[in-house]
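Novice: Need the 3D shape of this:
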Amino acid sequence: MAPASSFGDVFLYQGGDYVFFAEDIENGIVYAGRVLDNEMTGNLIRVEKIKNRQGVDLHNSPIFSYVILGTKEFEKRAANCGSSELNSSGKFKDCLNVEDIENMKQEIEVGPAPKALKDLVRLLS
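Specialist: As a prediction, the model looks like this:
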């Protein structure tokens, strides 16, 4: 990742859009959330509704730790906040709006994201 990366920067990695969260330089880990396409977002929401009706607790499930984005280019697409660790660089292309950034920070703080990511995001705030 580029050293000037900030929480909420969007980059392209292996053909997919990702949101930069934080970088653990000591361990060579970049934390980022995948931005799902519209079809995958719809499937995720559908499965979540079914599981909720069945009484399944999804609170600690990283796949269901997401934020629906409002940033124009990514509007109505889900960005996963559970945990993505990348070890390679990507090409930065955009940045999320302030509301999306705050929602993602909140989801990381209260969701099932790894403790190391929660600690790094707290340092950024």
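Novice: quick one, helices of this protein?
Specialist: Taking DSSP state H to define them, one finds helices in the chain at 38-53, 98-110, 115-124.
Novice: just checking, what packs against the first one?
Specialist: Going back to what we said before, that points to helix 38-53. Helices and strands touching helix 38-53, by 3 or more CB pairs under 8 Å, 6 or more residues apart in numbering; DSSP states H and E, are strand 78-80. Every residue, glycine included, has its C-beta placed from N, CA and C.
Novice: what residues does the strand it packs on touch?
Specialist: 19, 33-36, 40-41, 44-45, 62-63, 65-69, 96, 100, 104 (CB atoms under 8 Å, 6 or more residues apart in numbering).
Novice: Any idea which residue is closest to the centre of this protein?
Specialist: Using CA atoms, centre = their mean, the residue of the chain that lies closest to the mean C-alpha position is residue 33, 2.8 Å off.
Novice: OK, contacts around it?
Specialist: Under the criterion of CB under 8 Å, 6+ apart, the neighbours of residue 33 are 18-19, 21, 66, 79-82, 84, 104.
Novice: Going by neighbour count, list what's buried in the lengthiest strand in the chain.
Specialist: For the chain, the strand reaching the highest residue count under DSSP state E is reported as strand 16-24. For strand 16-24, a neighbour-count test (16 or more other CB atoms under 10 Å) marks 17-23 as buried.
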